[in-house]
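> Make a model of this:
(chains A, B, C and D)
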Protein chains: 2
Amino acid sequence: MTSTYHHGDLYRQALEQAQALLHEEGAAAVTLRALARRLQVTAPALYRHFRNRDSLLAALAVHGFRELRRQLLAVRRDDALEQLTGIGQAYIAFAQARPNLYRLMFGGQLLPRGAHPDLDAAGLGAFAVLQQSIDDALAAGYLNGQPAGPLTAAAWSLVHGFAELTIDGHLPDEQQAPGLAALVTRLLLPGGPSSRDNNNP
Amino acid sequence: MTSTYHHGDLYRQALEQAQALLHEEGAAAVTLRALARRLQVTAPALYRHFRNRDSLLAALAVHGFRELRRQLLAVRRDDALEQLTGIGQAYIAFAQARPNLYRLMFGGQLLPRGAHPDLDAAGLGAFAVLQQSIDDALAAGYLNGQPAGPLTAAAWSLVHGFAELTIDGHLPDEQQAPGLAALVTRLLLPGGPSSRDNNNP
DNA sequence: GGCGCAATGTTAACGTCGTTAACACAGCAT
DNA sequence: ATGCTGTGTTAACGACGTTAACATTGCGCC
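Reported below is the predicted structural model:
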């Protein structure tokens, strides 16, 4: 019984179980005591690895942003416009696959912005991928050469808003069709969804 | 001292103070005990008027949706397109003026959808205004006659996403300029922000 | 090989919260 | 006057975040 007094690996396992808890039951269920129970450990033990509950949640969000960045970077299409829409769809797919994590990342329950520098950095890291793909699309002559700043804000707003509205069930059912994500993403582009057929690379 | 044993007006005052608490310190601070303290009343007294804390928060959200609807309905422009963009800007202005309320309304912390029928109804009531203005714009020949469903989803996603990203400080500072809201709203329209000059009614 | 220190875990305790049960007072209808 | 219904209070329970004090382990160092 004394052989496992030192857990040895608690930080990593705590993060894993916290992710599971978050995914299964939402942020409100990510409680230090519940997490401790899962890990067969007493609650104060967790304070050796996380300053407090907010730090734990922030750590989860950081991992979320890094994973989101990874998934956005995994999108690779030849055409710059295809790349942009592909990233938009990957973004939405991420949010829909992990709604509770996504809400934690963007729900605004976390702290006065700037309290967790890691978190801000991770967020910017994910944002940068989207930004880059817009720059690329502009450089390739797409998007009518509109100013990059507002374009980026609009594109991010669109995918973020769509992601949130769907995972919270705010959009009427008829509009939940899977393919709609693609359609909406393309609506941003001049000429609408049926512009020309740039479907095949 | 016994003259005020019955508060007489507690439901209304509780809602008012809860709104103040929400606006000033966020949803997490809207606690039954804190609210009771503000009202010079014991906590269990509130259970005569709200089934539990979630019901109180839901009531706040319901009022929020009704107020949002009112503000959207107050927008009146002659041109259907101006009307649509005006509504978008009013929507964003609402969120920015009451960030904590807006987060409560859309943060997804409330309930399995359908648990509070009032809330769903109030949400649809606000949504309907946006929906209507899009239908009107289509009827007036704008928006290239694109299908109304996806258009509405896209428009709502755009304003919702922009509202959330700005109130949470996720957009880089340079893009926070006040006038950007208008610009972004117009980006959805075919031809981009400088289509023609439909600025003056 | 033993020693000591730092890391990591436990126990006990405090204050806050949501919530409920039991009770107390007020006002109104009869 | 009486009693019922609405509304408020008191007391208590369990869960939570957090801290202080203490216990155990493992590793570097002699």
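
> list the contacts for A:D118?
Applying C-beta atoms under 8 Å, 6 or more residues apart in numbering or on different chains to A:D118 gives the contacts A:A58, A:A59, A:V62. All C-beta atoms are positioned from the backbone trio N, CA, C, and that covers glycine.

> Nearest to DNA strand C among those residues?
Using C-beta to the nearest atom of the strand, A:A59 comes nearest to DNA strand C of these, at 15.2 Å.

> Now do the contacts for the closest one.
Applying C-beta under 8 Å, 6+ apart, the residues contacting A:A59 are A:L15, A:A18, A:F50, A:D118.

> Could you pull out the buried residues of the helix or strand harbouring A:Q71?
Per DSSP states H and E: A:Q71 is located in helix A:53-73. Going by neighbour count (16 or more other C-beta atoms under 10 Å in any protein chain shown), the buried part of helix A:53-73 is A:55-65, A:67-69, A:71-72.

> can you tell me if that helix touches DNA strand D.
Yes. Contact of helix A:53-73 with DNA strand D is found when judged by C-beta under 7 Å from any atom of the strand, involving A:R53, A:D54.

> Quickly check: that helix near DNA strand C or not.
No. Residues of helix A:53-73 contacting DNA strand C under C-beta under 7 Å from any atom of the strand: none, with a closest distance of 11.5 Å.

> Just the mean pLDDT for that helix, thanks.
Helix A:53-73 comes out with an average pLDDT of 97.

> Could you give the average pLDDT over the helix or strand that it is followed by?
Note on helix A:53-73: by DSSP H and E, the next helix or strand toward the C-terminus is helix A:80-97. For helix A:80-97, the mean per-residue pLDDT is 92.

> Please export the C-alpha coordinates of the helix holding A:Q71 as PDB.
This file holds the C-alpha atoms of helix A:53-73, laid out as PDB (Å, rounded to 0.1, in the frame of the first residue of the first chain):
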ATOM      1  CA  ARG A  53      -8.900  25.300 -10.300                       C
ATOM      2  CA  ASP A  54      -8.700  28.100 -12.800                       C
ATOM      3  CA  SER A  55      -5.100  27.100 -13.600                       C
ATOM      4  CA  LEU A  56      -6.300  23.600 -14.300                       C
ATOM      5  CA  LEU A  57      -9.000  24.800 -16.600                       C
ATOM      6  CA  ALA A  58      -6.600  27.100 -18.300                       C
ATOM      7  CA  ALA A  59      -4.200  24.200 -18.900                       C
ATOM      8  CA  LEU A  60      -7.100  22.300 -20.500                       C
ATOM      9  CA  ALA A  61      -7.800  25.300 -22.800                       C
ATOM     10  CA  VAL A  62      -4.200  25.600 -23.700                       C
ATOM     11  CA  HIS A  63      -4.100  22.000 -24.800                       C
ATOM     12  CA  GLY A  64      -7.300  22.600 -26.700                       C
ATOM     13  CA  PHE A  65      -5.800  25.500 -28.600                       C
ATOM     14  CA  ARG A  66      -2.700  23.500 -29.500                       C
ATOM     15  CA  GLU A  67      -4.800  20.600 -30.700                       C
ATOM     16  CA  LEU A  68      -6.900  23.000 -32.700                       C
ATOM     17  CA  ARG A  69      -3.800  24.500 -34.300                       C
ATOM     18  CA  ARG A  70      -2.600  21.000 -35.100                       C
ATOM     19  CA  GLN A  71      -5.800  20.100 -36.900                       C
ATOM     20  CA  LEU A  72      -5.900  23.300 -38.800                       C
ATOM     21  CA  LEU A  73      -2.300  22.800 -39.900                       C
END
